[in-house]
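>>> Provided below are the primary sequence and the corresponding predicted coordinates.
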Amino acid sequence: MQTLQRRVSVYGALLAMIPKMFMAYQLWFWAGLVMNVISMSILYFFWNAVYAESGVISGLAREQTINYILLAFFFMPLASNDLVWEFGSNLREGLMVHHLLRPVNFQAMNYVQQFGAVLTRVTLQIPILLLGVFLFGLKIPTDLMTWLAFLVSALLGFTVMFFFTWFLACFTFYTTEIWGLGVLIEGMTFFLSGALVPLAMMPEWLRGIVLSVPFAQALAVPIGLLSGITPLGDAPRLWLIQIAWIIGMWIISTLFFRVAVRKITVQGG
Amino acid sequence: MDAGEIVGYIGVNGAGKSTTIKMLTGVLMPTSGEVRVLGRDPHKQRVDNARDIGVVFGQRTQLWWDLALIESLNLIAKIYDVPPDRYKNILDQFTETLDLGALLNVPVRNMSLGQKMRSELAAALIHEPKVVYLDEPTIGLDLIVKERIRDFIKAECGAKGMTVMLTTHDLGDIEELCQRVIIIDDGQVIYDGPIQTIKKRFGKFREISFDTMKEAKSLQLPDGAQVLSAEERKVHIRFDRTVSSASKVASAVMNQIEVTDFSLSEPDLADIVKQIYNGALEREAR
Amino acid sequence: MTRYMSLYWLFLLQRLKALMEYRASFILGATSTIIWQGSSIAAVWVVMQNVPSLNGWNYDEVLMVYGIITLAKSINHMFADNLWTVGRVYIRAGGFDRFLVRPIDPLFHLLADRFCQDGVGNFIVGLALVVKASVDLDITWTPLMVAMLAVGVISGGFIFIALNLITCVSSFWIIDSVPITRLVFDNHLFAQYPLSIYPKAISILLTWVIPYGFASFYPASYLLGREMGNLAWVSPLIAAFLMFIGYRFWQFGLKYYSGTGS
């Protein structure tokens, strides 16, 4: 009888764990929401204060800038992917060779995976978009052409970042500091993607630098189109520039990967 | 428990062993009843109690993962306020008896399981506690390391008159170290007494095995003997030494079937514990 | 008290020794903090190239606010980082019991157990910002002002620690307290900028409810000779009060823990 009681209490304890675990996920969801509200409030009130004394800055009105900043906040996942961590863990566990020997193109497989991840992340951000609309008067464009121009540019921009990160991820063949490399790239993306300040407000020289590295192609360019800062007529020209970036990044990353991969195919591992 | 005793504390998983240890170390508060260690309430007087006890939690380290052993020990000595010269003496002594010389400058994360356990023991005893709790100190270790650890516990705790409470699944530990055994199940003590008593009480049974030419069917056995199991050409028989004898059983079997070989064995402690769990004790009491 | 101080010193020394083995990741950790903070500061710089002031605060004054809170945060980051992971790393894995069988205060043991080197990056950033702002603003430091900077930063550090302590106690019940701690902690981001740019409700929240304002805005206001600056002298009281609450809360959680185990 006592044994039975003990069994019951053990199973009871295990059962009691389930709502606890469930709550933990719930908790993360709600906490995430509140954290995003905090971040958005700061962006909103900061920019409000910036515009307190002047109506137009670098040709941008208050509403335009705030719309751009909030949309960029929402679409932040476009500008980053997990390739560095992916390479790092594959190399650490010795799975890289295994992946390369599969009858699927390794790069194509990763492209599809990362694309899916970005899509998922953006979808999960939808509550934030709604909060932006209700709390901060974010205006979501309703014009179909604007969305089309944005979607093409976003896809191209994601592809630019994919090949660029592919190139950076090749460094994981040479160093074990995966975490450091990943965080470093994330930190640079934060500023250089144009998530924090519209490119128009940057001084000439700084904008030159930002546009000579690929980060902005993934966020500032498509969000510029979506928020209406960039006129729709510019879209084809911007797409061509993005395609040029893709070609360049594709060549560099492919060449570099070929060299880097020798590290493991020669030594084995 | 009396001072200076080494007591084995046995029970299946979930029987309440670790809860007991947690209450005795002051980590947990008893939900009912009272706990006294050295006349103190270990939870209410947690700090005073902590000074006088040493604990080894078999599967969790007490040491700092990234620190060299000597640095962990230095820190622990400071935490327990061990006077420097006293500390130096004990450290020298442990270095010899636990063979720590080569380990002192190795970080714990690079140690093997056995090396870790030796280090844990040193860490738990460096402040010469009066009461020591060892929770599974030999789990997962190979025989040679086990031997060494048992020797150390015997020598160290015996010489200093420490009171030791040892939980283990390894009955070899108990047989070698403990004079007294407490067996619990479902939070209840079901046996508490000297190890010889259980051995004697259950030792009156012996087992004898025969290899036979043919399958043994329906054997006639003398009083006090019974067939435990019969496989194709093997028979295990248990008999009560006080009623029958090995020769009586053997000749009875040999008269009925052709035997190629036989062997006699004494039941070991593991079997005894199994029997106790099966209620053998209760049955006897009735 | 002196015993605890010398103990802490020993813990710290040992930890630094162990960290010497990971020099590369230490440098990377500090660098990455600097790059992250650098991104935000660069954004502020770009914006303030375009406008003379943020609600009456010029660029260097904003940096002063930002610098002080970064210094205060670095104290929490360096000395109390274990509060983040006590549930995940210690309680769930069972290592927490180790603190309870030792003859020292378990909270002290928990905090002393891991000095977090990554906080050094924040300290460097914060200090650099305060120095830069004070040079550009031509601040003449009186002893009282130096005292206020120290009081503000240290009290601010304790405000961070106390709020993390209060929220981390939930890990005795729900194991992973990180989301709850984050909920409160993230509010410090408001206080990176002058509180006057926010609506009244937010500045009251950041002053009297989740008082990160005392770790940045008020001490900076005092140093810059602005109104409300004298409120900064309340910082130590607020910090002490929160630490008191936090410690009581911690003991309450500990009592629950030793009642049930896990």
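Nice, thanks for sending it over. On a predicted model such as this, the values are computed, not experimentally measured, just so you know. Residues are numbered from 1 along each chain as shown, chains lettered A, B, ... in the order given.
>>> Is the nearest residue in space to B:Ile70 that is not next to it in sequence part of a helix or strand, or is it coil?
Distances taken as Cβ to Cβ, 6 or more residues apart in numbering or on different chains place B:Leu104 nearest to B:Ile70, at 4.2 Å, with adjacent residues excluded. (Each C-beta comes from the backbone N, C-alpha and C, glycine too.) Of the three states, B:Leu104 takes coil under DSSP: H, G, I helix; E, B strand; the rest coil.
>>> what's around B:Leu104, how many residues?
16 (other Cβ atoms under 10 Å in any protein chain shown).
>>> Give me the residue ranges of the stretch 101-250 of chain B where confidence is low.
Counting by pLDDT under 70, the stretch 101-250 of chain B contains low-confidence ranges at B:199, B:201-204.
>>> ok, back up a step: does the residue nearest to B:Ile70 touch B:Thr95 like I think?
Yes - with contact defined as Cβ atoms under 8 Å, B:Leu104 and B:Thr95 form a contacting pair (7.1 Å).
>>> Distance-wise, check the residue nearest to B:Ile70 relative to A:Ser193.
51 Å (Cβ to Cβ, to the nearest Å).
>>> B:Ser112 too?
For B:Ser112 relative to A:Ser193 (Cβ to Cβ), the value is 48 Å.
>>> ok, the two, which is more surrounded?
Taking neighbours as other Cβ under 10 Å, B:Ser112 and A:Ser193 compare with A:Ser193 leading, 29 against 12.
>>> Can you list phi and psi of that one for me?
Main-chain torsions, A:Ser193, degrees, to the nearest 10: phi -80, psi -10.
>>> where are the low-confidence patches of the chain?
Reading this off chain A. If you take pLDDT under 70 as the line, chain A has these spans: A:1-11, A:13-14, A:16-24, A:265-269.
>>> The chain in question should be chain C.
Checking chain C against pLDDT under 70 turns up C:261-262.
>>> Tell me which other helices or strands the lengthiest helix in it touches.
Longest among the helix segments of chain C by residue count, using DSSP state H, is helix C:23-50. The contact analysis (3 or more Cβ pairs under 8 Å, 6 or more residues apart in numbering or on different chains; DSSP states H and E) places helix C:23-50 against helix A:178-192, helix C:59-79, helix C:119-136.
>>> Output the contacting helices and strands for the last one.
Counting contacts by 3+ Cβ pairs under 8 Å, 6+ apart, the secondary-structure elements packed against helix C:119-136 are helix C:23-50, helix C:59-79.
>>> ok, so what distance separates the closest residue to chain A within the stretch 101-250 of chain B from B:Met165?
Residue nearest to chain A within the stretch 101-250 of chain B: B:Asp186 (4.4 Å; Cβ to the nearest Cβ). If you measure B:Asp186 against B:Met165 using Cβ to Cβ, the figure is 19 Å.
>>> Doesn't B:Leu228 lie inside a helix?
No - assigned with three-state DSSP, B:Leu228 falls outside any helix and is strand.
>>> Could you report the neighbour count for residue 206?
No chain in the question, so chain A it is. Neighbour number of A:Leu206 under other Cβ under 10 Å is 16.
>>> that's the wrong chain, I wanted chain C
Here the count is done by other Cβ under 10 Å, and C:Leu206 has 22 residues near it.
>>> That one in helix, strand or coil?
Per three-state DSSP, C:Leu206 ends up helix.
>>> got the contact list for it?
Contact analysis of C:Leu206 by Cβ atoms under 8 Å, 6 or more residues apart in numbering or on different chains lists C:Asn187, C:Phe190, C:Ala191, C:Leu195, C:Tyr198, C:Tyr212, C:Gly213, C:Phe217.
>>> if I pick the closest residue to it other than its chain neighbours, what's in contact with it?
Leaving aside its chain neighbours, C:Leu206 sits nearest to C:Gly213 (4.3 Å; criterion: Cβ to Cβ, 6+ apart). Neighbouring residues of C:Gly213 by Cβ under 8 Å, 6+ apart: C:Ala191, C:Leu195, C:Ser203, C:Leu206, C:Thr207.
>>> correct me, but the second one touches C:Phe217?
Yes - counting by Cβ under 8 Å, C:Leu195 touches C:Phe217, with 4.4 Å between them.
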